[in-house]
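*Asks:* how would this look folded up:
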Amino acid sequence: MERTGHISSASVPVLETERLILRMPQASDFPAWSASMADEETMRFIGGVTPPMMAWRNMTSVVGAWSIMGFSMFSVIEKASGRWVGRLGPWRPEGWPGNEIGWGLSRDAWGRGYATEGVAAARDYAFETLGWNEMIHSIDPANSASIAVALRIGSQRIGEARLPAPLDRTIDLYGQTREQWLSAKAG
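*Replies:* You can find the predicted model right below:
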């Protein structure tokens, strides 16, 4: 992929599942993005409540990663309503323990299977299109809902890692290899 220093939403793939559209974040996503990051329960395991200015920095860094890395998280749009319900997808911040498929959905989208559906699509994209040989999920050991998502898409606990500052905490790593993914697809 040629790096031009500018990336448009037209050059970022749009992934569709039965109920979701995964697309590049847009400025119109910010109110819902910021509200999700301000929700104490939503942010409990992923860094804590974030004020609007830091939510803006988070969203724009996700968008910027598309230009720098050639991949990043997608905004998750519920097909039935057209509303933003979260973010998920491939990313690898500086100092991260590996190529990750991460997710964070708004609390009102929990319990519908959206995380599993979207993460499975992002996993397939990472292996098929990005050519990843392995992927991880960085999960707080107390986050049983995210552990369940990881297990449902075929990942297993593979160890522990320390996240870089300013997060600076130990998490459990879940993940799978391309070979495990291919084997599951075939069988």
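*Asks:* Arg178: what's it in contact with?
*Replies:* Taking CB atoms under 8 Å, 6 or more residues apart in numbering, we find Arg178 in contact with Phe127, Trp132, Asn133, Glu134. No exception for glycine: its C-beta is placed from N, CA and C like everyone else's.
*Asks:* do that again at 10 Å, thanks
*Replies:* Ala126, Phe127, Glu128, Gly131, Trp132, Asn133, Glu134, Met135 (CB atoms under 10 Å, 6 or more residues apart in numbering).
*Asks:* could I get the phi/psi values of it?
*Replies:* Dihedral pair for Arg178: phi -60, psi -40, per degrees, to the nearest 10.
*Asks:* just checking, what packs against the helix or strand hosting His137?
*Replies:* Assigned by DSSP states H and E, His137 belongs to strand 134-139. When contacts are defined as 3 or more CB pairs under 10 Å, 6 or more residues apart in numbering; DSSP states H and E, strand 134-139 packs onto strand 100-105, helix 114-128, helix 144-152, strand 156-162, strand 170-177, helix 178-186.
*Asks:* and the first one, C-alpha only, in PDB?
*Replies:* Read it as strand 100-105. The C-alpha atoms that make up strand 100-105 are tabulated as PDB, following Å, rounded to 0.1, in the frame of the first residue of the first chain:
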ATOM      1  CA  GLU A 100      -4.300  -6.800  18.500                       C
ATOM      2  CA  ILE A 101      -7.900  -7.000  17.500                       C
ATOM      3  CA  GLY A 102      -9.500  -4.900  20.200                       C
ATOM      4  CA  TRP A 103     -13.000  -3.700  20.900                       C
ATOM      5  CA  GLY A 104     -15.100  -1.400  23.000                       C
ATOM      6  CA  LEU A 105     -18.800  -1.200  22.600                       C
END
